[in-house]
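*Asks:* Show me how the following folds:
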Amino acid sequence: MIKFGVLLAVALASSVAQAGVIDLGAIMGGANVYTARDFTAISSDVEGAIVSGGNVKIESYAVNLNNKAAYAGYSIVAGGDISLTSGTIHNGQTYAGGTTTLKNAPAAPLSTVNPVDFAAASQQFRDIAAGLSLVGATGSIEREYSANKVIGSGKGGVDVFSVSADFFNGGNNWKLAGLTPGQTLIFNISGKHGGFNNGNIGFDPLAGYNVLFNFFEAETVDVKGIIGSVLAPYATVQAGWGVINGQVIADTWNSSVQVNSNHYFKPVDVAGFELVKDDPPIETPSEVPEPGTAALMMAGLAGALALRRRRA
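*Replies:* Reported below is the predicted structural model:
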């Protein structure tokens, strides 16, 4: 019998294909963290679910304590192996394309059903990042003394900003102007290494907004102490300490940063956004799903991919 989580995943995969609509959470099944490749961490936790196309290797770690399972029931989904030494997987089942090894950790329910096509999901995140990077800015960012001054259009809704990673690495506080509380702020951040002044900046001024940091070309990101979600589909998350309040999409995770299950990015219609076909899909380890499951997933993905267009 095909589980409800798989049916939900198919429905969500179809829903994210609307032109202009950004719904990152649907692609990752509502997970807290998504990586195309391996997720490796020690002495920390992710309060929601982890979805990873590679191996999940964690030690002295807790997952999904706040009961925000992915795909309506999964705490961890891994295309490769799952290894936990000392810790707990809370409030949900796990799926591993390889083996599951638990040492000094209570058993978690195991599923044989893979609810996600890792290659397709990873490619879609890359396409979204590329498409967002081409959306024209509606606001601006400037340095006012030592602050990152974010100036919106004054229209509310969605404001898009273009900025370099080097600029953000220099600011130590935020000033906001021309913004409406609760609106969406999308920061397209260029540069090979993304970060925010080594964590020496308070994010409280952004707490009342729907925030996405799009590191569309970063190879590494050192993000900590932030409020807002992170889209960095080519990058390795490598910060050694700190907290992220939001969802994270990356290529690889090698970090002890704590990820809290709040400030998830809310779906939004972004004027001028189109999916941009990027590089070929990343090859990620994945067990071949059951024939019935595969058919359902392919049906949902076909709907999403049919609406993908190249930007002229």
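*Asks:* hey, let's count contacts and neighbours off CA atoms from now on
*Replies:* Fine.
*Asks:* Tell me how many other residues crowd residue 205.
*Replies:* 12 (other Cα atoms under 10 Å).
*Asks:* which element is residue 233 on?
*Replies:* Assigned by DSSP states H and E, residue 233 belongs to strand 229-237.
*Asks:* for that strand, what is the average pLDDT?
*Replies:* The pLDDT scores in strand 229-237 average 98.
*Asks:* which residue sits closest to residue 122, ignoring its sequence neighbours?
*Replies:* Closest residue to residue 122 apart from its sequence neighbours, by Cα to Cα, 6 or more residues apart in numbering: residue 36 at 5.7 Å.
*Asks:* Repeat that for residue 180.
*Replies:* With Cα to Cα, 6+ apart as the criterion, residue 180 has its nearest non-adjacent residue at 5.1 Å, and that residue is residue 156.
*Asks:* all strands for the stretch 51-200 of the chain, in order.
*Replies:* Ranges of strands within the stretch 51-200 of the chain are 56-63, 74-78, 82-89, 93-96, 100-103, 110-111, 140-144, 147-151, 158-164, 173-177, 184-190, 193-195, based on DSSP state E, counting those that start in this stretch.
*Asks:* Redo these as a markdown table? Include distance to residue 255.
*Replies:* Listed next are the strands of the stretch 51-200 of the chain as a markdown table, based on distance: least, Cα to Cα, whole Å:
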| stretch | distance to residue 255 |
| --- | --- |
| strand 56-63 | 10 |
| strand 74-78 | 17 |
| strand 82-89 | 15 |
| strand 93-96 | 21 |
| strand 100-103 | 20 |
| strand 110-111 | 26 |
| strand 140-144 | 29 |
| strand 147-151 | 26 |
| strand 158-164 | 23 |
| strand 173-177 | 24 |
| strand 184-190 | 21 |
| strand 193-195 | 14 |
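*Asks:* Pipe the ones you listed into CSV and attach distance to residue 123 and mean pLDDT per row.
*Replies:* Output for the strands of the stretch 51-200 of the chain, formatted as CSV (distance: least, Cα to Cα, whole Å; pLDDT from 0 to 100):
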stretch, distance to residue 123, mean pLDDT
strand 56-63, 20, 98
strand 74-78, 17, 98
strand 82-89, 23, 98
strand 93-96, 21, 98
strand 100-103, 26, 98
strand 110-111, 25, 98
strand 140-144, 29, 96
strand 147-151, 31, 95
strand 158-164, 23, 98
strand 173-177, 33, 96
strand 184-190, 18, 98
strand 193-195, 21, 94
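*Asks:* most packed of those?
*Replies:* Most buried of the strands of the stretch 51-200 of the chain by mean neighbour count (mean count of other Cα atoms under 10 Å) is strand 74-78; its value is a mean of 30.
*Asks:* helices or strands up against that strand?
*Replies:* strand 50-52, strand 56-63, strand 93-96 (3 or more Cα pairs under 8 Å, 6 or more residues apart in numbering; DSSP states H and E).
*Asks:* now the longest one and strand 74-78, what's the angle there?
*Replies:* What it means is strand 56-63. If you take axes from the mean of the first three to the mean of the last three Cα atoms, to 10 degrees, strand 56-63 sits at 170 degrees to strand 74-78.
*Asks:* Number the chain from 39, please
*Replies:* All right, first residue 39 from here; so that's strand 94-101.
*Asks:* Can you give the strand pairings for strand 94-101, parallel or anti for each?
*Replies:* Strand pairing for strand 94-101, determined by DSSP bridges: strand 77-84 (parallel), strand 120-127 (parallel).
*Asks:* And those strands: which comes nearest residue 163?
*Replies:* Among the strands paired with strand 94-101, the nearest to residue 163 by Cα to Cα is strand 77-84 (17.0 Å).
*Asks:* contact partners of the closest one?
*Replies:* Contacts to strand 77-84, defined as Cα atoms under 8 Å, 6 or more residues apart in numbering, come from residues 70-71, 90, 92-103, 290-299.
*Asks:* Now do the contacts for the spatially most central residue of the chain.
*Replies:* In the chain, the C-alpha nearest the mean C-alpha coordinate belongs to residue 287, at 2.6 Å (Cα atoms, centre = their mean). Residue 287 makes contacts with 71-73, 163, 268-271, as judged by Cα under 8 Å, 6+ apart.
*Asks:* Output the strand or helix carrying it in PDB with nothing but the alpha carbons.
*Replies:* Using DSSP H and E, residue 287 sits within strand 286-292. Extracted C-alpha coordinates of strand 286-292, given in PDB (Å, rounded to 0.1, in the frame of the first residue of the first chain):
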ATOM      1  CA  VAL A 286      18.100  25.700   4.300                       C
ATOM      2  CA  ILE A 287      18.700  24.300   0.900                       C
ATOM      3  CA  ALA A 288      22.300  23.500   0.000                       C
ATOM      4  CA  ASP A 289      24.500  21.100  -1.900                       C
ATOM      5  CA  THR A 290      26.300  19.600   1.100                       C
ATOM      6  CA  TRP A 291      26.200  20.100   4.900                       C
ATOM      7  CA  ASN A 292      29.300  19.900   7.000                       C
END
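*Asks:* Great, nothing more from me.
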